[in-house]
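S.K.: okay, predicted coordinates and the sequence, questions at the end:
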Amino acid sequence: MSTPAIPFKYMPSPLFTDPYADAWTVPFWEATMREQLTAPKCTNCGKFRLPPSRWCAQCHMQDLEYVDLPGTGTLYSFIIVRHALTPDQKDYVPYIPAVVDADGAPGCRFVSNIVDVEPEDVKVGMPVKVVWNRVSETLTLPFWTAA
Ligand SMILES: [Zn+2]
């Protein structure tokens, strides 16, 4: 088995399994396969619900729709991981877990990683844009980089 190419600098280590998708999150993962960022929005009151939940925290209704987002945002928070948690992850440090305020979805913060930016250049408040990592035929992950 060959090692897949690493498409971005400062990638986190590969996932052990694909993320679990249920009826509430399948639309998000289907959109990522088209490289489209989406977020769930309550169809009753308009509040975005991220992470997706069965019930709206604001109006307690269940119906939602997934809204296409432009794929841009602002870096809200981040950390730089410089120490590998296990020896087999030593080739994946440093990496930069991050929280991003997504444009087009007030109140939605995506948790992912910043890639292709030197760690010392990452700053809270910097504009970012989504980039896509096609992991397999069934999984594409959104990461963020400098806009
Ligand atoms: Zn609602």
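M.R.: Thanks, I have it. Numbering: from 1, shown residues only.
S.K.: only C-alpha atoms from now on, for both contacts and neighbour counts.
M.R.: Will do.
S.K.: if the residue nearest the centre of the chain is in a bridge, with which residues?
M.R.: With distances taken as C-alpha atoms, centre = their mean, the chain has S112 as the residue nearest its mean C-alpha position (3.9 Å). Going by DSSP bridges, S112 is paired in beta bridges with A98.
S.K.: that one contacts P97, doesn't it?
M.R.: Yes. At 5.8 Å, S112 and P97 qualify as touching, with contact defined as C-alpha atoms under 8 Å.
S.K.: neighbours of the closest residue to T140 other than its chain neighbours, just the number please.
M.R.: Counting by C-alpha to C-alpha, 6 or more residues apart in numbering, T140 lies nearest to R134, which is 4.2 Å off, once chain neighbours are set aside. Here the number of neighbours of R134 (other C-alpha atoms under 10 Å) works out to 15.
S.K.: with E120 instead?
M.R.: Counted with other C-alpha under 10 Å, residues neighbouring E120 total 7.
S.K.: and it, what pLDDT?
M.R.: We note a pLDDT of 97 for E120 in this prediction.
S.K.: so it sits in a helix?
M.R.: Yes. According to DSSP: H, G, I helix; E, B strand; the rest coil, E120 belongs to a helix.
S.K.: relative to G73, how far out is it?
M.R.: 20 Å (C-alpha to C-alpha, to the nearest Å).
S.K.: what are the ranges of the helices in the protein?
M.R.: Listed from the start of the chain, the chain has helices (DSSP state H) covering 26-33.
S.K.: in this protein, which spans are strands?
M.R.: Assigned by DSSP state E, the chain shows strands spanning 38-42, 64-68, 72-78, 96-102, 109-114, 127-134, 140-146.
S.K.: now do the first one, average pLDDT.
M.R.: Throughout strand 38-42, pLDDT has a mean value of 96.
S.K.: separation between the residue nearest to T140 and E35?
M.R.: Distance, R134 to E35, by C-alpha to C-alpha: 9 Å.
S.K.: mutual contacts of these two, please.
M.R.: Counting by C-alpha atoms under 8 Å, 6 or more residues apart in numbering, the contacts common to R134 and E35 are T140.
S.K.: quick check: which ranges of the chain have low pLDDT?
M.R.: Counting by pLDDT under 70, the low-confidence segments of the chain come to 1-6, 16.
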